[in-house]
Every structure is written in structure tokens, then in C-alpha cells.
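Trainee: I would like to see how this sequence folds:
(chains A and B)
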Number of protein chains: 2
Amino acid sequence: MLGVLGGMGPAATADFYRKLVAATPAARDQDHIPIVIIGDPRIADRSQAIESGNTETVLAGMVQRIRSLEALDVDAIAIPCNTAHFWLPSLEQETKIPFISLVEASASEAKRRAPTGKAALVLGTRATVRSRLYEPALAGQGFRLVMPTEQQQTVVDALIAGVKSGAMEEATRLFRSSVLEWLSHADVVLLACTELPLVAGEWLHTHPTMIDTTAALVSACIAWAEMDTR
Amino acid sequence: MLGVLGGMGPAATADFYRKLVAATPAARDQDHIPIVIIGDPRIADRSQAIESGNTETVLAGMVQRIRSLEALDVDAIAIPCNTAHFWLPSLEQETKIPFISLVEASASEAKRRAPTGKAALVLGTRATVRSRLYEPALAGQGFRLVMPTEQQQTVVDALIAGVKSGAMEEATRLFRSSVLEWLSHADVVLLACTELPLVAGEWLHTHPTMIDTTAALVSACIAWAEMDTR
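Mentor: Presented below is the predicted three-dimensional model:
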């Protein structure tokens, strides 16, 4: 049974679940991965917490939901939110249940897509970017972290806020107007906020050096479930 | 907190979650409905159970998951599966937590869409159709239940199996080749298996007398959450 600490945000969690179901090799319901999703959007804003340095309230909120997942006896936990991975080392101290890291999964996927690549542009919340969340995992795969420019970050901020408020069409247009510039900027581009793939559409299929971090987490979860049944 | 008894099937549950998030009036994560989804596809096949008369195993499986939702202190339970509503009267005996009935929500939606309509064609699993699951709720809204012909049922069976096995393109083609005939057959057509709306696409927007039962359940859940916060 896979546990999901979700709701950060809700649209990204729903996107994760949809992609998980679609990517699971299954001929009938019973072939799918048993899953429990705690989609509780009342956990305080992660980016604000990191930027203000007041990270304890968010940690307490996450730990409370992890206690629920423990009570339901899940075998592993996935968190379909990049920024939340800032707290992963702390969460790993709080429970014996293993986590399937979205950050590690995404860095591995970057290596598969661009085996000789060196520069990885990470697009996410300001908190994800400034905390250099991806730097160790990317370094482990031979990549150098490329930070977005202030102009790029402003566009990403608007995209994330757009998805969170349901303004999908406007966000999709904004994405399209920026994506080629991003791709010219590095060997791989990580859409390192799970809201971003929601407006990427066909670009994810036609531009393999753009990484959908939600899909990378999905692949890691399916690999985990397959290992588990062997 | 909304509890969801899901995984029957997984694609339908993911579709329910996506539609719930998209339909919720929200400007930020914290405005969304807190939700726990138990998406456990190991519950035995509902249609087979009803057709064979061996309904106890499925009931036991559902009750076990409802105990988990009780432990998580949810305030209401939704089940995004039509056939599972066969067990709703038994489940209501098992817990004090109220259920948001997909069947009642869909019959009300049918009335809104076709206020003067009389004939309601219900398309779903053989078990949903033969057990006349919708008859009381539809009668309460002034509709007469129209049963599908054997030929129509064969198409519906193939559609549901197609979605459950991930053969979406084939199922979508089959849906398109049948939908006009269905619509000519009654005043409203209920897509009374949550797998069916997954292949309906644009038809749901252009043909208001075709009812997406997943969307009807979503609307009822949002109305419940709004009542709750008043």
C-alpha cells in the first residue's frame, strides 16, 4: 500500500494520481497499486514558510498526516510536491516508513534523458530554487544546478499561482511563450513544481529534455510496487 | 474532511478527484476541500458479486475501508462508483458517518437538465442495470427507468472493460459510434458507471441531457462542503 502525503497542491496531487493509474500496467482494477491519499490542503504555505524561516508549523502539519498514514499501515510514502521535499530529511527522522523521493526520481530521470548533459535548469517555487533543493541529487547524476534568472522566476511564480487559482488557459499561454527560451538555457529543464506539468501539455512529449517531476515520481512509485510484488 | 471510498475503479476515482479540484471555487491550496482517499483496488469485483449473489465479501471489504475513514475522523463519505451503491443501504447500517449518494446526486442532476423529461436511460454495469439501482431515486424526480437493450449493454460492457484496461482510444471510438443512438432513446441518458465519463469528452459539454454521474457527485460534495462552512 502506497501512502501519499498530498494536497500541496490539490491539483498536483490529482495529476499525480491520474498519471499513476494511467502508467500502471493493469488489465483490471485489482492490478492497480493500493493507495491512500491524504489530500489535506490546510497545511500552511510551504514557500512562505521557507522564505520566512518559520518552518516548524509546516513540519508539524506534515508529521500529523504521516501519523495517519502510519495508522493505515502504508509501506512507503510519496509526496507529489517539490517544495515539501525541503522537509524530507526531517520527516525521515520522524517515521520508519521509507519515502520515495521525487527529487531523487527526477534527477535520475534527467540523467536518462540527457546522459551527457551538464547543465540542469530547475524551475520551481522561489523556496525550491533558493534552497538549492536539487543540487545534491543533480550533482550525484553529474549535473550542475542552473538557477533561473529573476525574469524567468517571475514567470514561474505567475504560472504556479495561475494553476493554484484554476486559471489554466492563461497559465498555458504564459507557459508556451516561455518554454523555448528555457530549453535553450540548459541541457535539461526540470519542471520542479508539480503545478508546472499541468500546463505543459504536448511539450512534455515533444521535448524529452523537459522533465515532468510528477511523472518521474510516478515511475519511481511503479518501480517500487513492482519490486514489492517480486 | 471528506472521505472517499475509492479504487473502484482507480481511473474513475482519479477522475473524481481531478473534477472535484477543478470545480471547487478556490484561489489557493487552503481553499480546497480536505480529503482522504482510500483507493484500494483489492476490493473484489462488484458486478460479479451482485450477479453471483455472493455480496458478503465485497461488503466486508468496503466496511474494512470505512473503518479506516472513521479512524481518520472524516465528516462524510463519497463513493465514486455506481455499482458500489448497491451496498449503500448496508453501509449506512455500519457507520454513523453520512454518505453523499452518487445515485441521488445524479437523479437530481437529471431533473435539473430535463425538468419535463419522463424517460431516463441508465447505462452502467449489468449489475447496476439489472438491480434497478436508479429506479427509486429517478422515480422521486419524476422519471421512468429505461433499461438498455442487450445490444446497448454489450457496447457498455466493452467500454467499461476498455477503460479499466487502459484502452482509452478504442473505447473513445466505440463511445462516439453509439452516443447519438443512446440520446435518441430517452429524455436523459445517465452515464451510470464512473468509467463511462472518462471517454465522453466533449459530448458532455455539447449534450446537456447526458449526465456525468461523477460530476454530479462532485457537485454534491462541493455543496456539502459549502453547507459545512456556513
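Trainee: so where's chain A uncertain?
Mentor: Residues of chain A that meet the criterion pLDDT under 70 lie in A:228-230.
Trainee: and it, which of its residues are near chain B?
Mentor: Taking CB under 8 Å from any CB of the partner chain as the criterion, the neighbours of chain B within chain A are A:1, A:7-11, A:13-15, A:17-18, A:20-22, A:24, A:26-42, A:45, A:68, A:71-72, A:164-166. To be clear about C-beta, it is placed using only N, CA and C from the backbone, and glycine gets the same treatment.
Trainee: distance check, the closest residue to residue A:16 other than its chain neighbours against residue A:195.
Mentor: With sequence-adjacent residues excluded and distances taken as CB to CB, 6 or more residues apart in numbering or on different chains, residue A:16 is closest to residue A:80, at 3.7 Å. From residue A:80 across to residue A:195, the span is 10 Å (CB to CB, to the nearest Å).
Trainee: report the buried members of the residues of chain A next to chain B.
Mentor: Of all the residues of chain A next to chain B considered here, the ones buried according to neighbour count by 16 or more other CB atoms under 10 Å in any protein chain shown are A:1, A:7-11, A:13-15, A:17-18, A:20-21, A:24, A:26, A:29-30, A:32-41, A:45, A:68, A:72, A:164-166.
Trainee: could you check which helix or strand contains residue A:3?
Mentor: Secondary structure assigned from DSSP states H and E places residue A:3 in strand A:2-6.
Trainee: run the chain-centre distance for that strand.
Mentor: 13 Å (CA atoms, centre = their mean, to the nearest Å).
Trainee: any chance you could map the strands in chain A?
Mentor: Residue ranges of the strands in chain A, as given by DSSP state E, are A:2-6, A:35-39, A:76-78, A:99-100, A:119-123, A:144-146, A:188-191, A:210-212.
Trainee: chain center to stretch A:81-100: distance?
Mentor: Taking the mean C-alpha point of stretch A:81-100 and that of its whole chain, the gap between them comes to 13 Å (CA atoms, centre = their mean).
Trainee: for it, buried residues please.
Mentor: Buried residues in stretch A:81-100, counting neighbours by 16+ other CB under 10 Å, are found at A:81, A:82, A:83, A:84, A:85, A:86, A:87, A:88, A:91, A:97, A:99, A:100.
Trainee: run through the residues that contact the closest residue to the first one other than its chain neighbours.
Mentor: If the residues on either side of it in the chain are set aside, residue A:81 comes closest to residue A:8, at 3.9 Å by CB to CB, 6+ apart. With contact taken as CB atoms under 8 Å, 6 or more residues apart in numbering or on different chains, residue A:8 is in contact with A:41, A:43, A:46, A:79, A:80, A:81, A:83, A:84, B:29.
Trainee: relative to residue A:186, how far out is residue A:8?
Mentor: Relative to residue A:186, residue A:8 is positioned 26 Å away (CB to CB).
Trainee: residue A:57 now?
Mentor: The span separating residue A:57 from residue A:186 equals 34 Å under the rule CB to CB.
Trainee: cool, residue A:69 as well?
Mentor: The gap separating residue A:69 from residue A:186 is 36 Å, by CB to CB.
Trainee: so what's the residue count around the closest residue to residue A:143 other than its chain neighbours?
Mentor: Leaving out its chain neighbours, the residue that sits closest to residue A:143 by CB to CB, 6+ apart is residue A:120, at 4.0 Å. Here the neighbour count serves as a burial measure; for residue A:120 (other CB atoms under 10 Å in any protein chain shown) it reads 29.
Trainee: just to revisit the earlier point, out of the contacts of residue A:8, which sit inside helices?
Mentor: Among those, the members found in helices (DSSP state H) are residue A:46.
Trainee: what's the closest of the contacts of residue A:8 to residue B:203?
Mentor: Each of these was scored against residue B:203 by CB to CB, and residue A:80 proved nearest at 30.4 Å.
Trainee: what sits against the closest one?
Mentor: For residue A:80, the residues meeting the contact criterion (CB under 8 Å, 6+ apart) are A:4, A:6, A:8, A:12, A:13, A:15, A:16, A:102, A:194, A:214, A:217.
Trainee: on that earlier part again, neighbour count winner among residue A:57 and residue A:186?
Mentor: Using other CB under 10 Å, the more surrounded residue of residue A:57 and residue A:186 is residue A:186, with 21 against 12.
Trainee: if I look at that one, how far off is residue B:208?
Mentor: Relative to residue B:208, residue A:186 is positioned 47 Å away (criterion: CB to CB).
Trainee: distance-wise, check the nearest residue to residue A:78 once chain neighbours are set aside relative to chain B.
Mentor: Excluding its sequence neighbours, the residue lying closest to residue A:78 (CB to CB, 6+ apart) is residue A:100, at 4.7 Å. Per CB to the nearest CB, to the nearest Å, residue A:100 is found 16 Å from chain B.
Trainee: do residue A:201 as well
Mentor: Taking CB to the nearest CB as the measure, residue A:201 and chain B are separated by 15 Å.
Trainee: my guess is that residue meets residue A:172, correct?
Mentor: Yes - with contact taken as CB atoms under 8 Å, residue A:201 and residue A:172 are classed as touching, separated by 6.8 Å.
Trainee: okay, the two: which has more neighbours?
Mentor: Between residue A:201 and residue A:172, residue A:172 has the larger neighbour count (other CB under 10 Å), namely 17 against 12.
Trainee: excluding its backbone neighbours, what's nearest that one?
Mentor: Distances taken as CB to CB, 6+ apart put residue A:199 closest to residue A:172, at 4.5 Å, once the chain neighbours are dropped.
Trainee: got the residue ranges for the helices in chain A?
Mentor: Along chain A, the stretches classed as helices by DSSP H are A:10-23, A:46-52, A:56-71, A:88-94, A:102-113, A:126-130, A:135-140, A:150-164, A:168-183, A:203-206, A:213-229.
Trainee: give me the neighbour count for residue A:191.
Mentor: In terms of burial, residue A:191 registers 31 neighbours under the definition other CB under 10 Å.
Trainee: distance to residue B:113 added to the helices of chain A, as a markdown table?
Mentor: Output for the helices of chain A, formatted as a markdown table (distance: least, CB to CB, whole Å):
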| stretch | distance to residue B:113 |
| --- | --- |
| helix A:10-23 | 26 |
| helix A:46-52 | 41 |
| helix A:56-71 | 38 |
| helix A:88-94 | 47 |
| helix A:102-113 | 41 |
| helix A:126-130 | 44 |
| helix A:135-140 | 51 |
| helix A:150-164 | 30 |
| helix A:168-183 | 25 |
| helix A:203-206 | 36 |
| helix A:213-229 | 35 |
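Trainee: which one of these lies nearest to residue B:177?
Mentor: Taking the helices of chain A one by one with CB to CB, helix A:10-23 is closest: 23.5 Å.
Trainee: relative to strand B:2-6, how tilted is the closest one?
Mentor: Here helix A:10-23 points in a direction 10 degrees away from that of strand B:2-6 (axes from the mean of the first three to the mean of the last three CA atoms, to 10 degrees).
Trainee: tell me the angle helix A:10-23 makes with helix A:168-183.
Mentor: Following the same axes, to 10 degrees, one obtains 70 degrees for the angle between helix A:10-23 and helix A:168-183.
Trainee: for helix A:10-23, name the packing helices and strands.
Mentor: In terms of contacts (3 or more CB pairs under 8 Å, 6 or more residues apart in numbering or on different chains; DSSP states H and E), helix A:10-23 is packed against strand A:2-6, strand A:35-39, helix A:150-164, helix A:213-229, helix B:10-23, strand B:35-39.
Trainee: that's all I had, so thanks and see you.
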